[in-house]
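Engineer: Make a model of this:
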Amino acid sequence: MAVARRVSLFDAVLFDRDGTLIEDVPYNGDLARVRPLPGARAALDRLRAAGLRLGFVTNQSGLDNGHFDAGQLRAVNARVEELLGPFDTWQVCPHDDADGCACRKPRPGLVHAAAAALGTTAGRCVVVGDIGHDMTAALAAGAAAVLVPTAVTRPAEVAAAPAVAPDVPTAADRIVAGDELHPSGPHHPHTAGTVLLVRPDSARDVLLTGPAIRAVAAGAGRVVLVCGPRGRDAAELLPGVDEIVEWRLPWIDPEPAPVDAVDIAELIVRLAGARADQAVVFTSFHQSPLPTALLLRLAGVGRVSAISDDYPGSLLDVRHRVPSGIPEAERALSLAAAAGFPPAPDDDLRLQIGAPPPSPEPGPYVVVHPGASVPARACPAPVSARIVTALAAAGHRVLVTGSTAERDLTAAVAGTDGVDLGGKFDLAGLAGLLAAAGCVVVGNTGPAHLAAAVGTPVVSLYAPTVPFGQWAPYRVPLVRLGDAAAACRDTRAGVCPIGGHPCLATVDPAEVVAAVELLSAGRHR
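Structural biologist: Okay, here's the model as predicted:
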């Protein structure tokens, strides 16, 4: 008999105060001037009703600067609660920028403090704010973030935000709807028999599917994962996988061979040999699961689940649909839940791999990974070389990593300031190296998600060809750099369509040094 349970994506929502929930009155110490923004109280009550705890993370430098005293600050905050209802934690930074404290946003100290006060982690919190500093603090702590722009929000901050809502009620609606969409539903503990999972894509995609694979494994007797050759090494690292079937699918592979009838017939036989009771087909938002579903039907699989906007006919038993723009890891989790496999109650939903080997390199060090599986997402080599030089000048030991095919690139980027480790590690060895790093500087490619899976902070040199909110390293502290509003935005281009690669060619190495120091300080809290 099914056992009902609910596992939430998040435990808490943390709000900026001025300009987000109440009107922005500079240095306000007068409780009579506290005015909630339209819809704020109803939005907060909806979040409370959904079981989410609420907190404030707010910069209030007016206290140290003498614009108001501690009693006035307490009175204003009490008036906020009188108008908007109770909050479970208040985290206030009284300092200004010159103090160099760890709590003033964009530093992540307030987010970490709020999470600790609520008995959770930053990765299980959502931060809602109105300016880029709120987003930077959230991401640097490893939290999710939603920007609600106002007249003072700069366009560049809107472009760089992982998610944007026009107002707080919409932000609350999305948080609640997303939570309801994903990890809830019936769970059949170890009665599902053999479940065949299909994720025939790159290492990045396989790693992002990891939380969903663990959810299926929590309710299945045996898990067989079908992956492509580009994702095989990542599949080998995932917890919950009992058997791997490697096969190149021409409707998924980016360099497809012609469809071959003999090859397809052999695949059907191999799928039938798994003797699966059911299958779940994981895809990215731009891929169709229906060719795979057809082969699974021909292989005799009795129950098939997938996300499909296209009419599936009799190919799918569970046709799941999700809104656009949600993180890929959560998209996969929602499909697993729809198929009857919500995650285990103690699963933190982060990316994970099995225990990596120990790093052979003495620490401390920072890793720079200049390559990418898709050229449009790689930082130009001269910029990466300047980043290595700047990090070394700031006192960091810099290791430069890459595949065997990228040895010329890693040698050029490492120069005389970094340690060239191009071609030295397979994916498991790279995981061990990343696990011991203070930080990883990398583009939107597999090692960024491998770093997330071992819990190492990421400086994301992110080309905006695909949406950041969907493909950013998941639930790990990070700083995003690069021009988020570049003309290549959302083109899904594999090769840069703009001369000079402006989205990443403009990255200032000094920004990278500052980001590494911000994340390293957070990691050593």
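
Engineer: Would you mark the buried spots in stretch 235-245?
Structural biologist: Using 16 or more other Cβ atoms under 10 Å as the test for burial, stretch 235-245 gives A235, E236, L237, L238, G240, V241, V245. Where C-beta positions appear, they are placed from N, C-alpha and C, glycine not excepted.

Engineer: can you tell me the average pLDDT over the host helix or strand of T410?
Structural biologist: Assigned by DSSP states H and E, T410 belongs to helix 407-414. For helix 407-414, mean pLDDT is 98.

Engineer: Need the max-distance pair from the buried residues of stretch 235-245.
Structural biologist: L237 and V245 (16.4 Å; Cβ to Cβ).

Engineer: pLDDT below threshold where in the stretch 401-525 of the chain?
Structural biologist: Along the stretch 401-525 of the chain, segments meeting pLDDT under 70 span 521-525.

Engineer: what are the ranges of the strands in it?
Structural biologist: Ranges of strands within the stretch 401-525 of the chain are 419-420, 439-442, 458-461, 478-481, based on DSSP state E, counting those that start in this stretch.

Engineer: Return the distance of the third one from the chain's centre.
Structural biologist: So that's strand 458-461. 12 Å (Cα atoms, centre = their mean, to the nearest Å).

Engineer: Sheet partners, orientation included, of that strand?
Structural biologist: strand 439-442 (parallel), strand 478-481 (parallel) (DSSP bridges).

Engineer: for the first one, same thing?
Structural biologist: According to DSSP bridges, strand 419-420 forms sheet pairs with strand 398-400 (parallel).

Engineer: hmm, back to that, so of the strands paired with strand 458-461, which one's packed in deepest?
Structural biologist: Mean neighbours per residue, mean count of other Cβ atoms under 10 Å, is largest over the strands paired with strand 458-461 for strand 439-442, with a mean of 30.

Engineer: Using PDB, write out every CA atom in that strand.
Structural biologist: Below are the C-alpha coordinates for strand 439-442, written out as PDB (Å, rounded to 0.1, in the frame of the first residue of the first chain):
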ATOM      1  CA  CYS A 439      37.000  27.400  -4.900                       C
ATOM      2  CA  VAL A 440      36.500  26.500  -8.600                       C
ATOM      3  CA  VAL A 441      36.600  29.000 -11.400                       C
ATOM      4  CA  VAL A 442      34.700  27.500 -14.300                       C
END
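
Engineer: Please list the residues outside that strand that contact it.
Structural biologist: Here strand 439-442 makes contact (Cβ atoms under 8 Å, 6 or more residues apart in numbering) with 366-369, 387, 391, 434, 447-448, 451, 456-461, 512, 515-516, 519-520, 523.

Engineer: Keep only those of these that are in helices.
Structural biologist: Among the contacts of strand 439-442, DSSP state H puts I387, L391, L434, P447, A448, A451, V512, A515, V516, L519, S520, R523 in helices.

Engineer: From the buried residues of stretch 235-245, pick the one nearest G219.
Structural biologist: For the buried residues of stretch 235-245, the nearest to G219 is G240 (10.6 Å; Cβ to Cβ).

Engineer: you'd agree A145 is up against I131?
Structural biologist: No - counting by Cβ atoms under 8 Å, A145 does not reach I131; the two are 11.4 Å apart.

Engineer: ranges for the strands of the stretch 101-250 of the chain?
Structural biologist: All strands of the stretch 101-250 of the chain, identified by DSSP E, counting those that start in this stretch, fall at 125-129, 144-147, 184-187, 194-198, 222-227, 243-246.

Engineer: Of the ones you listed, flag the one that's most buried.
Structural biologist: strand 125-129 (a mean of 28).

Engineer: looking just at contacts, which helices and strands does it meet?
Structural biologist: Contact here means 3 or more Cβ pairs under 8 Å, 6 or more residues apart in numbering; DSSP states H and E; on that basis strand 125-129 packs against strand 12-15, helix 109-117, helix 132-141, strand 144-147, helix 168-181.

Engineer: Mind jotting down where the helices sit in the stretch 151-300 of the chain?
Structural biologist: 155-160, 168-181, 203-208, 210-219, 232-237, 261-273, 290-298 (DSSP state H, counting those that start in this stretch).

Engineer: just so I know, which of those lies nearest D346?
Structural biologist: That would be helix 210-219 among these, by Cβ to Cβ, at 9.7 Å.
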